[in-house]
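J.: My questions are about this predicted structure, shown below with the sequence.
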Amino acid sequence: MDWFTAGVTLAFSLDPTLRHLNHGSFGAVPTLALERQAAYRAEMEGAPVRFFVGVPERIAAARERVAPYLGVSADDLAFVPNASAGASVVFSSLPVEQGCEVVVTDHGYGAVTMGARRLVRRWGGRIRTAHVPLGAGPEEASAAVAAELSDRTALVVVDHITSPTARFLPVDLISTAAHERGIPVLVDGAHVPLQLAEPLAGVDCDFWVGNLHKFGCAPRGSGVLVARGDLRRELNPIIDSWGAEQEFPANFDQQGTLDFTSWLAAPDALDAVEAEIGWAALRVRVAELARYGVDVVADAFAALTGEDHHVEVGMPAGPLRLVRLPGRLGLGEGGGNAVRDRALAELGVEAAFTAFGDQGFVRLSAHAYNTPDDYDDFARRCVPALVEWSRAA
């Protein structure tokens, strides 16, 4: 077997009775990183006073180890529980005025968009939504966002990789357009850490949030907030604690009595993947594997429906790819989550089902533990069931 077919030797604790094709939602953690987290937790419980007194310095050291994987300075990076928490920090800290507007896109992650709505409700403002066609390239997508900017725009919120549509947005071009009008930019890069070697290269945004526990395989609750420029002085963690009067990012290193072990173990997870596989090699492999999966699954649908189930995506993400679902599957009550839950219960597969523009999709993921057999099995067992479900809907 070659490296594409055989997968890797790095151990994960995933249930072997299930097919795991949804690394994009919650990720998966190498057993080595889980063991390191358990050791940190045992240390915390064994001597809590010693542990918590020393935790700010240890978190700062963990930031120093994580920052090179993102191509940023540790002085620009704070740990947060997840990307949504980082966005909430920005929404709660950003100075805005009565009647302000926040620009989002119709590809945005629901929870983050909800946070933006809460911000404008507090200030008597409104949301402006830029409509970006799924097949739009960088210039068209950037122009769609720029068209929504106004003199009342207080913030632009744009995804680096979109959750429902598995595509990049041109955050570099959008940031430039916003900054030409003096408008700050928050980039939701939830899916990006370690998918790109230097995700912020050429991106002049004010705030960038990402999850290490998605593609990066860190323990749950490992997110980052990167802030550069004058507005970083406004940022405060959700919990005020004894570090509150320090400057960013040190004020985020001490937030009361929390379980910080996921932050301490995050660099151990990144190092484990680098040592066993190499992030650069992994990125090549999963992009190739995702392309294989899309073709196999789309062809299986086409054989039963007589339709083309490939999807034209303007700026596709390497290990996250869409396949069009038949009929109106994924658009009924409960949306894609209802299909997800049924697929898990009846077919034994963890997969993501999304929708955009009145069309349902299965969003396939690829990571270190996946092999072509995962997608072959999905095509063989799951596609016929999904076609039947669509016809019964």
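T.: That came through fine.
J.: where does the protein dip in pLDDT?
T.: Scanning the chain with the threshold set as pLDDT under 70 gives 1-9.
J.: residues touching the residue nearest to Pro95 when sequence neighbours are not counted, list them.
T.: Take Pro95 and drop its neighbours on the chain: the residue closest to it by Cβ to Cβ, 6 or more residues apart in numbering is Glu234, 6.2 Å away. Where C-beta positions appear, they are placed from N, C-alpha and C, glycine not excepted. The neighbours of Glu234, taking Cβ atoms under 8 Å, 6 or more residues apart in numbering as the test, are 93-95.
J.: Buried by neighbour count, from those residues: which ones?
T.: Listed as buried from the contacts of Glu234 are 93-94; burial here means 16 or more other Cβ atoms under 10 Å.
J.: Could I get the contacts of Glu234 in a markdown table, plus columns for distance to Ser73?
T.: Below are these laid out as a markdown table (distance: Cβ to Cβ, whole Å):
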| residue | distance to Ser73 |
| --- | --- |
| Ser93 | 20 |
| Leu94 | 22 |
| Pro95 | 24 |
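J.: now the strands for the stretch 151-300 of the chain?
T.: 153-159, 185-189, 207-211, 223-227 (DSSP state E, counting those that start in this stretch).
J.: The last one pairs with which strands, parallel or anti?
T.: Here the strand partners of strand 223-227, with direction, are listed using DSSP bridges: strand 77-80 (antiparallel), strand 207-211 (antiparallel).
J.: Gly336 contacts Thr354, doesn't it?
T.: Yes. If you go by Cβ atoms under 8 Å, Gly336 and Thr354 touch, sitting 4.9 Å apart.
J.: in the stretch 1-150 of the chain, which spans are helices?
T.: 3-6, 23-26, 31-46, 48-70, 83-93, 110-122, 138-146 (DSSP state H, counting those that start in this stretch).
J.: now the last one: how far from the chain's centre is it?
T.: On the basis of Cα atoms, centre = their mean, to the nearest Å, helix 138-146 is displaced by 21 Å from the centre of the chain it belongs to.
J.: Dihedrals phi and psi, the nearest residue to Tyr109 once chain neighbours are set aside?
T.: For Tyr109, ignoring the flanking residues on the chain, the nearest one in space by Cβ to Cβ, 6+ apart is Ser163 at 4.7 Å. Here is the backbone geometry of Ser163 (degrees, to the nearest 10): phi -70, psi -50.
J.: closest to Val187 among the contacts of Glu234?
T.: Comparing those against Val187 with Cβ to Cβ places Leu94 closest, at 14.1 Å.
J.: for the closest one, what are its contacts?
T.: So Leu94 contacts 119, 154-155, 184, 231, 234 (Cβ under 8 Å, 6+ apart).
J.: So of the residues you listed, which two are at opposite extremes in space?
T.: Pairwise across the contacts of Leu94, and taking Cβ to Cβ, the largest span is found between Leu119 and Leu231, at 14.6 Å.
J.: Comparing those two, which residue is more hemmed in?
T.: Leu119 (23 against 16; other Cβ atoms under 10 Å).
J.: what's the closest residue to the more buried one other than its chain neighbours in contact with, if anything?
T.: Among residues not flanking Leu119 along the chain, Phe91 sits closest, at 4.5 Å (Cβ to Cβ, 6+ apart). For Phe91, the contact set (Cβ under 8 Å, 6+ apart) comprises 115-116, 118-119.
J.: now the helices for the stretch 251-393 of the chain?
T.: According to DSSP H, counting those that start in this stretch, the helices that the stretch 251-393 of the chain contains are 261-276, 279-305, 335-342, 372-377, 383-392.
J.: can you put these in JSON lines and add distance to Phe51?
T.: Formatted as JSON lines, those follow (distance: least, Cβ to Cβ, whole Å):
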{"stretch": "helix 261-276", "distance to Phe51": "10"}
{"stretch": "helix 279-305", "distance to Phe51": "30"}
{"stretch": "helix 335-342", "distance to Phe51": "38"}
{"stretch": "helix 372-377", "distance to Phe51": "40"}
{"stretch": "helix 383-392", "distance to Phe51": "48"}
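J.: For Ile127, find the nearest of these.
T.: Short answer: helix 335-342, nearest of those by Cβ to Cβ, at 20.6 Å.
J.: Only the buried residues of that closest one, if you could.
T.: Buried residues in helix 335-342 (16+ other Cβ under 10 Å): 336, 339-340.
J.: what's the residue lying closest to Asp206 once chain neighbours are set aside in contact with, if anything?
T.: Excluding the flanking residues, the one nearest Asp206 by Cβ to Cβ, 6+ apart is Pro184, at 4.3 Å. Listed by Cβ under 8 Å, 6+ apart, the contact set of Pro184 reads 94, 154-156, 178, 206-207, 231.
J.: ditto for Ala33
T.: Contacts of Ala33 by Cβ under 8 Å, 6+ apart are 217-219, 265, 268-269, 272.
J.: one more time with 6 Å
T.: 265, 268-269, 272 (Cβ atoms under 6 Å, 6 or more residues apart in numbering).
J.: Between those residues, which sits nearest Val192?
T.: After measuring the contacts of Ala33 against Val192 - Cβ to Cβ - the closest member comes out as Ala269, at 16.1 Å.
J.: Relative to Ala60, how far out is that closest one?
T.: Separation of Ala269 from Ala60 (Cβ to Cβ, to the nearest Å): 18 Å.
J.: cool, and Ala250?
T.: 7 Å.
J.: do Pro138 as well
T.: Taking Cβ to Cβ, one finds Pro138 at 37 Å from Ala60.
J.: and what of Phe356?
T.: 40 Å.
J.: Equivalent analysis for Arg121, please.
T.: Taken as Cβ to Cβ, the span from Arg121 to Ala60 is 36 Å.
J.: out of the two, which sits in the more crowded spot?
T.: Set side by side, Arg121 and Ala60 show more neighbours around Ala60, with 17 against 11, by other Cβ under 10 Å.
J.: contacting residues for the more buried one?
T.: Asp253.
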